[in-house]
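J.: I would like to see how this sequence folds:
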Amino acid sequence: MLEGKVAIVTGASSGIGRATALLFAREGAAVVVNARGEEALNSLAAEIEANRGKVVAVAGDVGNEDTHKRMVDAAINQFGGLDLAFNNAGAVGP
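T.: Numbering: from 1, shown residues only. Just a heads-up that it's a prediction; the model follows:
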């Protein structure tokens, strides 16, 4: 049960991240969704909103510290806090 919780989901524009964001929203969480692809991210946010979910989209690369700050700030400013993070995005390499 995620009713009333606030979650960040990174890598949310496709695959596991997208499915997770939709599930969290369907279960009652407010979600801050993140991905580098702004168009796909906004499409996801629109789908969540169309199903009466609470969502904020924060486009950006998780390899950038500013992106982390913007996601946490969005959770706090839009939804009053942060309860969990599903850290699905990542980078491969040195």
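
J.: Quick check: chain neighbours aside, which residue is closest to residue 27?
T.: Nearest in space to residue 27, with sequence neighbours left out and distances taken as CB to CB, 6 or more residues apart in numbering, is residue 2 at 4.1 Å. Every residue, glycine included, has its C-beta placed from N, CA and C.

J.: Spell out the secondary structure type for the spatially most central residue of the chain.
T.: Note on the chain: the residue nearest the mean C-alpha position is residue 33, at 1.7 Å, using CA atoms, centre = their mean. Of the three states, residue 33 takes strand under DSSP: H, G, I helix; E, B strand; the rest coil.

J.: when you give positions from now on, start the count at 239
T.: Noted, 239 is the first residue going forward, which turns the last one into residue 271.

J.: Bridged to it, which residues?
T.: Counting by DSSP bridges, residue 271 is bridged to residue 247, residue 295.

J.: hang on, it packs against residue 279?
T.: Yes: the pair residue 271 / residue 279 is scored as a contact, 6.0 Å apart, by CB atoms under 8 Å.

J.: what residues do the two have in common as contacts?
T.: 250-251, 295 (CB atoms under 8 Å, 6 or more residues apart in numbering).

J.: In TSV, list these along with neighbour count and pLDDT.
T.: Below are the shared contacts of residue 271 and residue 279 laid out as TSV (neighbours: other CB atoms under 10 Å; pLDDT from 0 to 100):
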residue	neighbour count	pLDDT
250	32	97
251	24	93
295	22	98
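
J.: Closest to residue 321 out of the residues you listed?
T.: Nearest to residue 321 out of those is residue 250 (CB to CB; 16.5 Å).

J.: gap between the closest one and residue 258?
T.: 7 Å (CB to CB, to the nearest Å).

J.: can you check residue 239 too?
T.: From residue 239 over to residue 258 (counting by CB to CB), the distance is 16 Å.
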